[in-house]
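Chemist: return a 3D structure for these sequence lines:
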Amino acid sequence: MSDYVQIITTTDSRAAAEKIAETLVKEKLAACVQVSGPISSTYEWKGKIERAEEWYCAVKTRKDLYTRVEGRIKVLHTYETPEIIALPVLEGNPAYLAWIDEVTVNQVISG
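Modeler: Numbering: from 1, shown residues only. Predicted structure coming up:
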């Protein structure tokens, strides 16, 4: 099982996505958060088909930080039920993965 994950979430505005990104990196819960968009989402919500313009966040972090990242996203998010999904990193550039460890290592000590 991989020690690293990419967590994804979507938000209703660029500002909301950037707030999540900055908070996670500043708090050393993520090494990097990429924000892209706008994207078009189609989904069912409360029995109706909805369409929305959203912003996509890709969070690079360690698997052991997932619960804390999820908690921070929930606090910062504007949605009633935000998408928060972790995808395992199956393989990766060893130097990049070491950088994730280096940037987030304080969470092991102080978190």
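Chemist: quick one, helices of the chain?
Modeler: Using DSSP state H, the helices of the chain run over 14-26, 66-76, 94-104, 106-110.
Chemist: what residues are bridge-paired with V33?
Modeler: Beta-bridge partners of V33, counted by DSSP bridges, are V59.
Chemist: show me what contacts it?
Modeler: I20, A21, L24, V25, C57, A58, V59, K60 (C-beta atoms under 8 Å, 6 or more residues apart in numbering). C-beta coordinates here come from the backbone N, C-alpha and C atoms, glycine included.
Chemist: quick one: it and A58, what's the gap?
Modeler: As for V33, its distance to A58 is 7 Å (criterion: C-beta to C-beta, to the nearest Å).
Chemist: report the buried residues of stretch 90-106.
Modeler: By neighbour count, with 16 or more other C-beta atoms under 10 Å as the criterion, the buried positions of stretch 90-106 are L97, I100, V103, T104.
Chemist: which residues are in contact with it?
Modeler: Contacts for stretch 90-106 (C-beta under 8 Å, 6+ apart): 2-4, 28-32, 60-62, 65, 89.
Chemist: and the furthest pair within the residues you listed?
Modeler: Using C-beta to C-beta, those span at most 19.7 Å, a distance reached by S2 and K28.
Chemist: just the buried members of the contacts of V33?
Modeler: Among these, those classed as buried by 16+ other C-beta under 10 Å are I20, A21, L24, V25, C57, A58, V59, K60.
Chemist: tell me which two of the residues you listed sit farthest apart.
Modeler: Farthest-apart pair in the buried ones among the contacts of V33 is I20 and K60; separation 13.3 Å (C-beta to C-beta).
Chemist: if we can go back for a sec, could you dump the contacts of stretch 90-106 to JSON lines with distance to S13?
Modeler: Shown next, in JSON lines, are those (distance: C-beta to C-beta, whole Å):
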{"residue": "S2", "distance to S13": "31"}
{"residue": "D3", "distance to S13": "32"}
{"residue": "Y4", "distance to S13": "28"}
{"residue": "K28", "distance to S13": "25"}
{"residue": "L29", "distance to S13": "21"}
{"residue": "A30", "distance to S13": "20"}
{"residue": "A31", "distance to S13": "24"}
{"residue": "C32", "distance to S13": "20"}
{"residue": "K60", "distance to S13": "22"}
{"residue": "T61", "distance to S13": "23"}
{"residue": "R62", "distance to S13": "28"}
{"residue": "L65", "distance to S13": "25"}
{"residue": "V89", "distance to S13": "28"}
